[in-house]
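# Kindly generate the corresponding structure for this input.
(chains A and B)
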Amino acid sequence: DAKTTQPPSMDCAEGRAANLPCNHSTISGNEYVYWYRQIHSQGPQYIIHGLKNNETNEMASLIITEDRKSSTLILPHATLRDTAVYYCIVRGTTSGTYKYIFGTGTRLKVLA
Amino acid sequence: DVKVTQSSRYLVKRTGEKVFLECVQDMDHENMFWYRQDPGLGLRLIYFSYDVKMKEKGDIPEGYSVSREKKERFSLILESASTNQTSMYLCASLGAALGSPQHFGDGTRLSIL
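Residues are numbered from 1 along each chain as shown, chains lettered A, B, ... in the order given. Down below sits the predicted model:
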């Protein structure tokens, strides 16, 4: 699985957009990008994923660069409840590549 | 929504005990996983299963075994608990559709005294 690099921490004002970057420069053609978040003492919560195209759901938007070497998770109107550690993961789709490798993630703090 | 349910949020056991952690998913997913999460070490895969009665070792299977007798249920067994198995244990499930995400339970925080 490709290695991902994320900034260790970020702050965001409540109500503003939070833009969380992820670098995955060694991603291969069949690998998807997944984003999760984890609030202390809970399991990781799935947010969004994509392969090539930008994606949007009720929680967030995912922007993937054309060369697929990086992506950005956008929380459009951050609230205090979005304070969490956010993980970007790249994973293949063939049997034997299902394992997730969680890095250290980005600790997002939403400020009132 | 996918629901992955772990039997206990918090568990305290003694050294040498046999410990069972249970996980149930409600989405008829083929694949299920057990991870442990420790500060500074991230998530590490213990075992996974891609079908009933099938299992594969992950990165750190020593001291653990698993059981998958029914598709919806995946059990992690600590044969003889030791203090270095104190950790947060996370179960996940994954469907067969291409690119599907893993869905995690809320975790079991296990303390071995």
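
# got the contact list for the most centrally placed residue in chain B?
A centroid search over chain B (C-alpha atoms, centre = their mean) returns B:Trp34, at 2.8 Å, as the residue closest to the centre. By C-beta atoms under 8 Å, 6 or more residues apart in numbering or on different chains, the contact list for B:Trp34 reads B:21, B:23, B:45-48, B:58, B:64, B:66, B:74, B:76, B:89-91. (Each C-beta comes from the backbone N, C-alpha and C, glycine too.)

# nearest residue to the residue of chain B found nearest chain A other than its sequence neighbours?
Proximity of chain B to chain A (C-beta to the nearest C-beta) peaks at B:Phe104, 3.9 Å away. Excluding the flanking residues, the one nearest B:Phe104 by C-beta to C-beta, 6 or more residues apart in numbering or on different chains is A:Gly43, at 3.9 Å.

# Test my guess that the one you found contacts B:Leu90.
Yes - if you go by C-beta atoms under 8 Å, A:Gly43 and B:Leu90 touch, sitting 5.3 Å apart.

# list residues touching both of these two?
B:Gln6, B:Phe104, B:Gly105, B:Gly107.

# these two touch, right, the third one and B:Leu76?
Read that as B:Gly105. No - contact criterion C-beta under 8 Å: B:Gly105 and B:Leu76 do not qualify, at 11.4 Å.

# follow-up on the earlier one: can you confirm the residue nearest to B:Phe104 is in a helix?
No - the assignment for A:Gly43 is coil, going by DSSP: H, G, I helix; E, B strand; the rest coil, so no helix is present there.

# and residue 64, what are its bridge partners?
You didn't pick a chain, so chain A it is. A:Ser71 (DSSP bridges).

# my question was about chain B
B:Leu78.

# wait, what's in contact with it?
B:Trp34, B:Ile46, B:Tyr47, B:Leu76, B:Ile77, B:Leu78, B:Glu79.

# mind checking pLDDT for it?
pLDDT, B:Tyr64: 98.
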